[in-house]
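**Q** I would like to see how this sequence folds:
(3 chains)
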Amino acid sequence: MIPEIGHIFLILAFVSSIMQITYWAYNTKNLNLLALDILKNGVLINCLFILISFSILTYSFVVSDFSLLIVSNNSHSLKPMLYKISGTWGNHEGSLLLWVLILSSFTFWVSKKKQINNNLLFSILGVQTLILCLFLAFILFTSNPFERVETIALEGRGLNPLLQDPGLAFHPPMLYIGYVGLSVSFSFAVGALITGKINKEWAQQIRPWISISWSALTLGIALGSWWAYYELGWGGWWFWDPVENASFMPWLIATALLHSIRILEKRLIFVNWCILLSILGFSFSLLGTFIVRSGLLTSVHSFATDPSRGVFILIIMIISIGGPLILYALKSSIFKEPKVQFNLLSKESALLINNLFFTTATATVLIGTLYPLFLDALSGAKISIGPAYYNATFAPIMTPIILLMAIAPFLNWGKGKSKNLLKIIALLTLTSLIAAFSLSTINGSSIFAIICGTLSFWLFVGVISDFFVKIKETKLKITKMGSIFLYISKIGIGMNVAHLGVAIFLAGITGEQFFKTEFSGRKNIGDTFYIEDKLLEFKNFQTLKGPNYQSEMATFTLYQNNKFIGYLKPEKRFYPTEQSQTTEAAILTGFWGDTYVVLGDGDNQSGWSIRAYFNPLVSWIWSGAFFMALGGLLSFFEHKNITKKNIRLT
Amino acid sequence: MKKIYLNLSLLSFFLMITSHLTFADEIIPKTNLITNKTREIAQNIKCLVCQNQSIDESNSELAKDLKNLIKEKLESGLNENEVYSFLSERYGDSILLKPPFNTNTILLWFLPFIILVFSLIYISKFFKK
Amino acid sequence: MNTKSLVLRLLPLILFSFIIIVSGLVLYELKKKPTKKNLLTSQLIGKKIPDIKIQEADNNLENNNKNLNFKKYKNKLFAVNFFASWCAPCRVEAPIVEDLSKIIPVIGIVYKDKPNNTKKFLDDFGNPYDKIGIDNSGKIAIEWGVYGVPETFLINEEGKIIYRHAGPLLYNIFKSEVLPIIKSNK
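**A** Prediction:
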């Protein structure tokens, strides 16, 4: 009975959204306040109905209601509670319900923003509701989470053990916040095309949504990578898998958009870029959804789906991407931008070059992702595209951006000559040459290691120099401001923190990719071996029982320079319900790197197969991403202060 | 003056990191050229029975056999390209993680740079002479 | 100037349409042939069987110090089936391989197995093989482009490989793919 209520509320939300869209289309030419209010109420209703529906689905998972098909297929009564809950979105249908929940909540949040112009808000709510309606149709007609089974099984089939993990529980919600945030900026852009108006207020209002969605997307992708690193058992964290690329492409566009919007806010240029990037950001989110759920591919990530769902998503894409792109082609000429030319050494040029390289990088990832599929469809030839391709194409394209990132803050707007520019370039070049030289002396370094490490260092110096310049120029003292938070938002260091994150990230990549050491061999209890200067001793081996698995666990001690550092306990787990085995690597994380030990097959007589790695600076990869997201969040708060100031002044 | 101090300290921080990464040769066994080459090639060969792994990363039987095979072929005098050909002749181009360069893949390799060049030419209009 | 900027504005739409059309094509192909989607097509189709010498097995499944000789099958259609006792799908396909062996000769190549276990497997599930070869190192499999067991090849009168199926030879595959080839080659 209860699941049927969940289903009914979903249908009600769908019907309500259809009514709202009709109402929107009808009233879009002559807007009145009543129409806007009706739409605002509609948005609230949609949100509430979907919330009820989602809560009921979660409840069904929590109580292990196996009369529901997806609970039966994806859950088990012995599963720990956290994974029962996160199992709600650990499948195709449930994750779509989470998607529309976040979408409807964000739409409601936007509707509450009083400062948005009425015409614009009307269009935004209309577009958002249209997207919601399309997704609800997709759910109700092809992916109903409330579908019942014919005969109720006594127990569920369980959740893939790889997914029973805290990192992975939060990875989809973070990503969806990112994708949905991009839909808001998408609606802002389409709204601008419909209303025909763009001004600095528009840029100010759209910016926080981009900040939030960019930060969430950064965290979501980082969580997924981090999970792959510790869970999959060989320390890999990025494979340029089509599903990973599907989340990376929106991120690249969002980054370009984030930067372009700041310029639009200040100078009302790059209008076309902002509109196009806003449309493209969400378009790539949809393309990602299509790639993952259409049955086009099978991969570690993709949900098991059939091509008929793919056709439905294709239609959604044609409507929601094709429509705005046609609108863009026809109407964007109304935004008469002054035909300016920029000084080569100006912030405007830097931004233009930045956008160019980011869109080219996105195009490269798109080519790498779709090429094998398209080649197969058109000629039958089958090829694979792995990291080697992206290292040869994507990496060289991103390199100029890193170089630019460090000097861009020292460029001036328009024609002004920048007094610091020559100084900073000299400083960067000098320090980077020294860095490159010291990198080349490290055992095992290659030309790419030197380039990558030097780029990271170049960026470090640039970011920190800019930070100090900013502090000097604001002429404010912490004691006078009273609160550090206010101080931070005054000097606007969100960008510095984010760029610092990139530098940390690059350093992490340099260490992990180019200076990793590995040990591989058969060891028995009592044996020892070295990895770098760390001594590992195989202490003992035991069999254990977990809540829903059986485990074989080896215990190692780690000594460095005769000092005890810690224990490493790699495991092999067998999950009887799901009939699958996972390897749980033992990881000892340190500031300078991780020691990573994996247990293979073996027995008491011949010993066990052991693989151990030392991954230098690998946690700098996740920390770097975290700082990037933090920077985005700081920038969100900075923006809030600025707008408040503006409103007070008027 | 402050900035010089700052950057000198950054530099020493960086040199500290690099000294950490430098370690004594004695602890690491000497590797020879063929082993390195084998690993390099293995990183570009797809593990056909795994998800998203090269045979270098994989522990599967087939991965081990292929790695041994690559080593043998290198020892018998084949060069890198010949090893790749040997494998793609038997398993198809899709076993190569680095796509080959032929009529099927010309667009793949050139498009990114064509796009880059054309866009650079396009935006050069926006810069003052 | 106006048409040029219009073309530029239309560019995203054009690229998008291209992606949609080709994706639609891919989905259409998928709906037609769902099963063969992810299986590799053999590179050896149309080529002569690989040169590599295969050790022959005696009645006890041990090496009898002779090499597998394909001369007997010259001018005949025959099959080669890679299998192992530890391979579960091999048990599933055993009856169909038996059926196949009644129509054309089937040579079995046992992959990374122990003679005792192989013997037991053949005792339990029947021995449909005209001859048996041994591949303990995995090298034979690699030469044939085999990436798992079981795999079945059809070789024609000229000694060329004309068909390969990776995975168990299920009855519907046997009926819809293998039998027609045998009929057209008789």
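**Q** C-alpha from now on. contacts and neighbour counts both.
**A** Will do.
**Q** and residue A:359, what does it touch?
**A** A:252, A:253, A:256 (CA atoms under 8 Å, 6 or more residues apart in numbering or on different chains).
**Q** got the contact list for the last one?
**A** Translated: residue A:256. Taking CA under 8 Å, 6+ apart, one finds A:277, A:354, A:355, A:358, A:359 in contact with residue A:256.
**Q** ok, now the first one?
**A** Each residue near residue A:252 by CA under 8 Å, 6+ apart is listed here: A:358, A:359, A:361, A:362.
**Q** 7 Å instead?
**A** A:358, A:362 (CA atoms under 7 Å, 6 or more residues apart in numbering or on different chains).
**Q** and the gap between residue B:83 and chain A?
**A** Distance check for residue B:83 against chain A: by CA to the nearest CA, to the nearest Å, it reads 17 Å.
**Q** burial count for that residue?
**A** Using other CA atoms under 10 Å in any protein chain shown, residue B:83 has 20 neighbouring residues.
**Q** neighbour-wise, which one of the contacts of residue A:256 leads?
**A** Neighbour counts for those peak at residue A:277, which has 26 neighbours (criterion: other CA under 10 Å).
**Q** let's verify that residue: helix, strand, or coil?
**A** Using DSSP: H, G, I helix; E, B strand; the rest coil as the criterion, the local structure at residue A:277 reads helix.
**Q** skip the chain neighbours and tell me the closest residue to it.
**A** Excluding its sequence neighbours, the residue lying closest to residue A:277 (CA to CA, 6 or more residues apart in numbering or on different chains) is residue A:257, at 5.7 Å.
**Q** could you pull out the buried residues of the helix or strand where the one you found lies?
**A** In this structure, residue A:257 is located in helix A:242-267 according to DSSP states H and E. Of the residues in helix A:242-267, those scored as buried under the neighbour-count criterion (16 or more other CA atoms under 10 Å in any protein chain shown) are A:242-265.
**Q** what does the pLDDT read for the residue nearest to residue A:277?
**A** Predicted confidence (pLDDT) for residue A:257: 97.
**Q** against chain B, how distant is it?
**A** Residue A:257 sits 17 Å away from chain B, going by CA to the nearest CA.
**Q** ok, now which ones touch that residue?
**A** Residues counted as contacts of residue A:257 (CA under 7 Å, 6+ apart) are A:274, A:277, A:278.
**Q** could you give the number of residues near the last one?
**A** Per other CA under 10 Å, the neighbour tally for residue A:278 reads 28.
**Q** how about the contacts made by the closest residue to it other than its chain neighbours?
**A** Once flanking residues are discounted, residue A:278 sits nearest to residue A:186: 4.9 Å by CA to CA, 6+ apart. With contacts defined as CA under 7 Å, 6+ apart, the neighbours of residue A:186 are A:278, A:279, A:282.
**Q** repeat that with 10 Å
**A** Residue A:186 makes contacts with A:124, A:127-128, A:180, A:192, A:206, A:210, A:274-283, A:321, A:324, as judged by CA atoms under 10 Å, 6 or more residues apart in numbering or on different chains.
**Q** next SSE downstream of the strand or helix carrying it?
**A** Following DSSP H and E, one finds residue A:186 within helix A:166-195. Note on helix A:166-195: by DSSP H and E, the next helix or strand toward the C-terminus is helix A:200-231.
**Q** relative orientation of that following helix and helix A:242-267 in degrees?
**A** 150 degrees (axes from the mean of the first three to the mean of the last three CA atoms, to 10 degrees).
**Q** ok, residue A:246 touching residue A:293?
**A** No: counting by CA atoms under 10 Å, residue A:246 stays clear of residue A:293, with 11.2 Å between them.
**Q** and the residue of chain B nearest chain C?
**A** Proximity to chain C, evaluated over chain B using CA to the nearest CA, is greatest for residue B:90 at 4.6 Å.
**Q** check the gap between that residue and residue B:69 for me.
**A** Computed with CA to CA, to the nearest Å, the distance linking residue B:90 and residue B:69 is 13 Å.
**Q** what's the neighbour count on residue B:107?
**A** As a burial measure, the neighbour count of residue B:107 was computed by other CA under 10 Å and equals 14.
**Q** wasn't it part of a helix?
**A** Yes: counting by three-state DSSP, residue B:107 is located in a helix.
**Q** which bits of chain B sit near chain C?
**A** Residues of chain B lying close to chain C by CA under 10 Å from any CA of the partner chain are B:47-49, B:61-66, B:68-69, B:86-95.
**Q** can you rerun that using 6 Å?
**A** Within chain B, the positions near chain C by CA under 6 Å from any CA of the partner chain are B:90, B:91, B:92.
**Q** mind checking which of those residues are in helices?
**A** Here DSSP state H is the test, and the residues of chain B next to chain C give B:90, B:91 as lying in helices.
**Q** quick check, nearest of the residues of chain B next to chain C to residue A:572?
**A** residue B:91 (31.6 Å; CA to CA).
**Q** okay, residue 24: pLDDT?
**A** Went with chain A since none was named. pLDDT, the model's per-residue confidence, is 92 for residue A:24.
**Q** you answered for a different chain; I wanted chain B.
**A** 39.
**Q** try residue A:310
**A** Note for residue A:310: predicted pLDDT of 86.
**Q** may I see the buried residues of the helix or strand hosting it?
**A** When secondary structure is defined by DSSP H and E, residue A:310 falls within helix A:307-317. Of the residues in helix A:307-317, A:307, A:308, A:309, A:310, A:311, A:312, A:313, A:314, A:316, A:317 count as buried by neighbour count, 16+ other CA under 10 Å.
**Q** tell me which of the residues you listed is nearest to chain B?
**A** The closest of those, once distances to chain B are taken by CA to the nearest CA, is residue A:307, at 21.4 Å.
**Q** residue ranges with poor pLDDT in chain B?
**A** B:1-5, B:19-31, B:129 (pLDDT under 70).
**Q** now with 90?
**A** Within chain B, the ranges that satisfy pLDDT under 90 run B:1-36, B:49-53, B:57-61, B:122-129.
**Q** how about residue A:104, secondary structure?
**A** helix.
**Q** return the residues in contact with it.
**A** Contacts here follow CA atoms under 6 Å, 6 or more residues apart in numbering or on different chains; on that basis residue A:104 touches residue A:47.
**Q** list the buried residues for stretch C:41-53?
**A** Applying a neighbour-count criterion of 16+ other CA under 10 Å, one finds C:41, C:42, C:43, C:44, C:45, C:49 buried in stretch C:41-53.
**Q** which single residue in chain C comes nearest to chain B?
**A** For chain C, CA to the nearest CA, closest residue to chain B: residue C:145, 4.6 Å.
**Q** which one of the residues of chain B next to chain C has the most neighbours?
**A** Highest neighbour count within these: residue B:91, with 23 neighbours (other CA under 10 Å).
**Q** distance of the nearest residue to that residue once chain neighbours are set aside from residue A:188?
**A** Nearest residue to residue B:91, sequence neighbours excluded (CA to CA, 6+ apart): residue C:145, at 5.2 Å. As for residue C:145, its distance to residue A:188 is 54 Å (criterion: CA to CA).
**Q** looking at these two, which is more packed in?
**A** Of the pair residue C:145 and residue A:188, residue A:188 is the one with more neighbours under other CA under 10 Å, namely 28 against 22.
**Q** out of the residues of chain B next to chain C, which is nearest to residue C:156?
**A** When those are compared for distance to residue C:156, the smallest value, 19.1 Å, is given by residue B:90; criterion: CA to CA.
**Q** residues in contact with the closest one?
**A** The neighbours of residue B:90, taking CA under 6 Å, 6+ apart as the test, are C:43, C:145.
**Q** gap between it and residue B:50?
**A** Distance, residue B:90 to residue B:50, using CA to CA: 18 Å.
**Q** same question, residue A:574
**A** 18 Å.
**Q** all set now, cheers.
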